[in-house]
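Q: coords please:
(2 chains)
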Amino acid sequence: MSDTQDRAREVLKSALTSPYSDFYRLKYGNDSGAERAISGGDWGAVPFLTRGEIQQVPVWDRIFFPDKKTINAIRPTSGTSGKGALLMPRAYDEKDTKRWQAWFFNALPIRRSASFSGAQYLYYYSNTERIDTLQLIPGDIPLSAALVERYRPDVLAGFPYALVALAPMLSAAASSRIQVVQLFGELCTASDWRFLKAYFRDSIFFAEYSSIEAQTPIAGTCPVAARSYELLVHPLTASAHVELVDESGAAVTETGKSGEIVITVLRPTALPLIRYKTGDSARIVRTDCPCGATTPLLQIEGRLEIDRLRIRGGELHTVEVDRVLTSLAQYLTGYEFEVRFAELMQDGLLVPRVTIVCALQPGVTPEHMERLIASALRVAPDKTYAEGVAAGEYAPLRVVNRVGEPGVQGKRVRIVRE
Amino acid sequence: MTPDIFNKLKEVYTFARTHCAAYKDLPESVTADQWKSVPVSSADTLRAASSLLTYPEKDVRYVISEFSTAHPENLFLVPRRIDEPWPLLTAEIDEIKPFVAAYLAPLFWQVAPIFYATFRAKSVPVSVLAPRNLPLAVQVMKEARAEMVVSTPEVAEELQAMLAKENLEKQIRAWHLIVPFGTEVKPPVLNGLYMVEYHLFPGVPVARMLQGGAIEPLPGIYFEVSEQGTCLISSLEKHALPLVRYDSGVRIARKEKNTFLFI
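A: Residues are numbered from 1 along each chain as shown, chains lettered A, B, ... in the order given. Below you'll find the predicted structure:
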């Protein structure tokens, strides 16, 4: 990724010398790491940028464009993190952020898209390719289904949870017309994908990793991995310089290891993001992908806060639970699951206990599933949950059968503390 | 009806009969004397003919027929040219020159892209927000310095009250309120100027409210009162889906030459 790092240095230099905003000059203050990085010094010495640091500065004081007229929108994040929304300016000149997709859409006879994201039709397609887009409503799936039935789009785009709810409500005629299923906005598990693939058999599936802060796709589906329903992505070198870092801030480069995703956006944006800590986690799957991509193959593991559980001597990720449950699909009736975490007093010590709530086939007992899951669930590359129990580190895993319980509404609940 | 008005109606009539499935059964030609015998159209007429295949798709964007989500089965799509202007809103932008504008009406209406295009044409930054998250809207108004809002009267009043709690009651200088045609509106309690615009379908404006509560058809729109007292709406300009004696089902009475009252 040295090419992207060189371009990241250019972005850094441009931000530090910008006549339009003092944001980075004030942020770095007396720290000379950024200055040294511009002249070829250690890129890892450039201080990280956090969401909180952006939030502290009024939106109009962190715009690196000369004229307010070039700003076409102020996009807030959802604010559901409990830390308040972050307002991100978007410049009209950013209209080419989806250009990397253009080859893809131009290659197909696509005219209409239906999307659960307003950004799709407001800022992207409307400025670039002439694709008409109808907005679907995540909170009203029946209405969204009616819209899709009337509109008959070629592309269906949205958050996995919304598409999973929508797919069964569509007629075969509407489903079969969908040429592309585009996934974004939250972690898409392999089981989500398999579920959707059952409804959109002939569609091309296409996932991207992005965020409102980045305003540009950071990583896109690996076509080779997609053939085996593995939703793995490659960083897009045109868009961003992507790093993974551990909790100490050191680079994670080893295959099999996970780290927080840190991005430097390489496209001109109203607010350049330089070493921005996304709060998302990814694991390096391999560094030599047969698809020919020059960037590592990553598995996005979701939000650090809600998709990762640190348990003694290891970590449990939503995607790992999903992997195990997918391999045991013959024992399950549904695709939704929830991971609950508690700490129990055991022999005078507090030990973690993981509970998995899922829907079991008739005749399958929770005890049977507990054994199967615990022996397959990895909490470290070389350790299963069952091995942790045997070592006295964890309480036995528990399975709760959720048959008859209502499904999860709205954004997925993933790991919850009991 | 003046000869000039009739000529415009006739031009649209011919266009509609030729290009829109909804009107293909209309008589081939019409004279001024025959105008009142032209069959009325209705939501059912448009719904029955709303197959997308009948519309020239290029450069068309769709809005929907319903203001509420109560009956999605009734829903049909209404095509609009993507370059179709929003004249009343454009005039307000020219007058107010807002720093930033916000959209706070239901997102399923599909009006946000039209809102975006209208403000983009005037180089005004926008923020598109969901009405159900007003605390977020207040944060955006404050931080982004929004001065103009496109919304509904109910949401606008709620937002005004929340802004007042933050001592921002004078933040919004102008409100553009979208109201379903035929809905009685009490003068909203809002700081700043407000405009009530009646839409036949969300994103299809047909009239505005005047001071005193009378309604006036917008330029490009022609109102007739049917024998049953309902408002028949016709387009005076060619649209992707022109209206030809569309029976709105809304009872009106003529107040003055070109102003009406809902009854």
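Q: for chain B, longest helix please?
A: Longest helix of chain B, by residue count under DSSP state H: helix B:3-19.
Q: contacts for that helix?
A: B:1, B:22-24, B:26, B:28-30, B:32, B:35, B:38, B:56, B:222, B:234-238, B:242, B:244 (Cβ atoms under 8 Å, 6 or more residues apart in numbering or on different chains). Where C-beta positions appear, they are placed from N, C-alpha and C, glycine not excepted.
Q: identify the residue nearest residue 168 in space, chain neighbours excluded?
A: No chain specified, so I'll use chain A. The spatially closest residue to residue A:168, leaving aside those adjacent along the chain, is residue A:199, at 7.0 Å (Cβ to Cβ, 6 or more residues apart in numbering or on different chains).
Q: please go with chain B instead
A: Per Cβ to Cβ, 6+ apart, closest to residue B:168 is residue B:142, 6.0 Å.
Q: which residues in the stretch 1-150 of chain A form helices?
A: A:2-16, A:23-28, A:33-38, A:51-55, A:99-106, A:118-119, A:141-151 (DSSP state H, counting those that start in this stretch).
Q: rewinding a little: which residues belonging to the longest helix of chain B are considered buried?
A: Within helix B:3-19, the residues that count as buried by 16 or more other Cβ atoms under 10 Å in any protein chain shown are B:6, B:8-9, B:12-17, B:19.
Q: for those, which one is nearest chain A?
A: Of all the buried residues of helix B:3-19, chain A sits closest to residue B:19, with 18.3 Å by Cβ to the nearest Cβ.
Q: quick revisit: and the residue nearest to residue A:168, its phi and psi?
A: phi -90, psi -30 (degrees, to the nearest 10).
Q: which residues are in contact with it?
A: With contacts defined as Cβ under 8 Å, 6+ apart, residue A:199 is in contact with A:167-168, A:170, A:175.
Q: so can I have a markdown table of these showing distance to residue A:77 and secondary structure?
A: Shown next, in a markdown table, are the contacts of residue A:199 (distance: Cβ to Cβ, whole Å; DSSP: H, G, I helix; E, B strand; the rest coil):
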| residue | distance to residue A:77 | secondary structure |
| --- | --- | --- |
| A:167 | 27 | helix |
| A:168 | 30 | helix |
| A:170 | 30 | coil |
| A:175 | 32 | helix |
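Q: only whichever of those residues are buried, select them in PyMOL.
A: In PyMOL syntax, the buried subset of those is picked out as below (16+ other Cβ under 10 Å):
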select buried, chain A and resi 167+170+175
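Q: quickly check the contacts of residue A:199 for the two that are furthest apart.
A: Greatest spatial distance among the contacts of residue A:199 (Cβ to Cβ): A:168 and A:175, at 9.6 Å.
Q: and the helices in chain B?
A: Taking DSSP H to define them, one finds helices in chain B at B:3-19, B:43-48, B:87-96, B:112-120, B:134-144, B:153-165.
Q: for the stretch 101-250 of chain B, what lies in contact range of chain A?
A: Within the stretch 101-250 of chain B, the residues that sit near chain A (Cβ under 8 Å from any Cβ of the partner chain) are B:107-108, B:110, B:112-113, B:116-117, B:120, B:123, B:125-129, B:132-133, B:135-136, B:139-140, B:143-145.
Q: quick one, which of those residues are buried?
A: Neighbour counting by 16+ other Cβ under 10 Å classes B:107-108, B:110, B:112-113, B:116-117, B:120, B:125-129, B:133, B:136, B:139-140, B:143-145 among these as buried.
Q: re earlier: which of the contacts of helix B:3-19 fall in strands?
A: Among the contacts of helix B:3-19, the ones falling in strands (DSSP state E) are B:222, B:234-235.
Q: buried ones among those residues?
A: Burial by neighbour count, 16+ other Cβ under 10 Å: within those this picks out B:222, B:234-235.
Q: could you single out the nearest of those residues to residue B:199?
A: Closest approach between those and residue B:199, by Cβ to Cβ: residue B:235, at 14.0 Å.
Q: do you know how far that closest one is from chain A?
A: Residue B:235 is 22 Å from chain A, where distance means Cβ to the nearest Cβ, to the nearest Å.
Q: so that residue sits against residue B:244, correct?
A: Yes: with contact defined as Cβ atoms under 8 Å, residue B:235 reaches residue B:244; the gap is 7.4 Å.
Q: on that earlier part again, next one: the residue nearest to residue A:168 from chain B, what distance?
A: Applying Cβ to the nearest Cβ, the value for residue A:199 to chain B is 20 Å.
Q: again, but for residue A:390
A: 48 Å.
Q: quick check: pLDDT value at that residue.
A: On pLDDT, residue A:390 comes in at 92.
Q: okay, which residue is most central for chain B?
A: The residue lying closest to the centre of chain B (Cα atoms, centre = their mean) is residue B:205, at 2.0 Å.
Q: cheers, nothing more for now.
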